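1. whatever this is, show me its structure:
(2 chains)
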Amino acid sequence: MVFSVAPQTWVSILAVVTSATAGDILIAHAMKAVDLDAVRAERGLKGAIVAVITSPTLILGIACMAVSFFSLLFSLSGADLSLVAPATASLTFVTTAIAAKFILKENVDRRRWLAALCICVGVVLLAF
Amino acid sequence: MSHRLPFHRYLLLFCVMIGASVGDALLDRGMRDVGAVSIHHLGALLTALLNPWVFTGILVLIGFMASYMTALSWADLTFVLPSTAFGNVITALISRLWLHESISPMRWAGIVLIVLGVGFVANGPSLTERPVETTD
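-> Below you'll find the predicted structure:
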């Protein structure tokens, strides 16, 4: 069934994965850069929301997510959710774990690698 | 060392879990009405926004995004991601119950693996410990 998928579907899946990974990394970085509790204590919930959504890193991350979203809509119009969702999710999961380790310097320990592997295989199995 | 989180944080992770899959299912339902979109007519994606299913799906996904970003402010990306992966299990269950697709033994195996993976991470620390920077 995987081989019957049109090439442009794979291209759109690749576009979803690349932009989603970039978006995740940028958003995670932006959310760590803001001390949410401190801002909220000082300027309230509204101030905290303004502080978050005016962060340039976050805006760039959201832009990547928007690209990812429209690529997803595009792939959904040509293929089933049961193929597109697992394919994009499993690939994004692995690329993001790798990017989180090397770019965000997160402590991706054995437990998290094992989880990444389990989830990646599990998500692929969902496609069958 | 205890890795337990306060209840409201688990509640937020729960919203992260269900938000994406419910949103995606709504989008899928909407795109069935819209039909196939050709690469030469990408403008059709904008009219897809007017479809009530797609529109509701986007609202749910905005709620998901807010929960997801809040979670990222106090936890590692590699901690929050398994929650989003659990959404695939919910997508499979929605496909079965609402869109009436069948779940094969392979899919059940996939569901078990994802649940295992989420369990591994959820029992671990939520944030990488960084050495405190000294200012002098």
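
2. next SSE after the helix ranked longest in chain B?
-> For chain B, the helix with the greatest residue count under DSSP state H is helix B:7-34. As assigned by DSSP states H and E, the chain's next helix or strand after helix B:7-34 is helix B:44-48.

3. quick check: the residue of chain A most remote from its centre vs B:Ser73, distance?
-> Of all residues in chain A, A:Glu42 has its C-alpha farthest from the mean position, at 30.8 Å, by Cα atoms, centre = their mean. Distance of A:Glu42 to B:Ser73, given as Cβ to Cβ, to the nearest Å: 15 Å. Backbone N, C-alpha and C define where each C-beta goes, glycine included.

4. where in chain A is pLDDT low?
-> By pLDDT under 70, the weakly predicted segments of chain A are A:1-5, A:128.

5. determine the longest helix present in it.
-> Chain A, longest helix under DSSP H: helix A:7-33.

6. quick one: that helix near chain B?
-> Yes. Contact of helix A:7-33 with chain B (Cβ under 8 Å from any Cβ of the partner chain) involves A:8, A:24-25, A:27-28, A:31-32.

7. kindly indicate the member of those with the most neighbours.
-> With neighbours taken as other Cβ atoms under 10 Å in any protein chain shown, the top of those is A:Ala28, carrying 29 neighbours.

8. check contacts around A:Thr95.
-> The contact partners of A:Thr95, by Cβ atoms under 8 Å, 6 or more residues apart in numbering or on different chains, come to A:17-18, A:21.

9. in CSV, list those residues along with neighbour count.
-> Supplementary listing: the contacts of A:Thr95 in CSV, determined by neighbours: other Cβ atoms under 10 Å in any protein chain shown:
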residue, neighbour count
A:Val17, 22
A:Thr18, 17
A:Thr21, 23
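
10. nearest to chain B among those residues?
-> Taking Cβ to the nearest Cβ as the measure, A:Thr21 is the one of the contacts of A:Thr95 closest to chain B, at 10.3 Å.

11. so that closest one makes contact with A:Phe93?
-> No. Counting by Cβ atoms under 8 Å, A:Thr21 does not reach A:Phe93; the two are 9.5 Å apart.

12. in the longest helix of chain B, which residues are buried?
-> Residues of helix B:7-34 classed as buried: B:12-13, B:15-31, B:34 (neighbour count, 16 or more other Cβ atoms under 10 Å in any protein chain shown).

13. OK, contacts around B:Leu13?
-> Contacts of B:Leu13 (Cβ under 8 Å, 6+ apart): B:5, B:71, B:80, B:83.

14. which non-adjacent residue is nearest the third one?
-> If I follow you right, that is B:Val80. B:Ala71 (4.8 Å; Cβ to Cβ, 6 or more residues apart in numbering or on different chains).

15. what are the ranges of the helices in chain A?
-> Per DSSP H, chain A has helices spanning A:7-33, A:36-53, A:56-78, A:81-102, A:110-125. These are given in chain order.

16. between these, which gets nearest to B:Leu97?
-> B:Leu97 sits nearest to helix A:81-102 of all the helices of chain A, at 13.9 Å, using Cβ to Cβ.

17. buried ones in that closest one?
-> For helix A:81-102, a neighbour-count test (16+ other Cβ under 10 Å) marks A:81-97, A:99-101 as buried.
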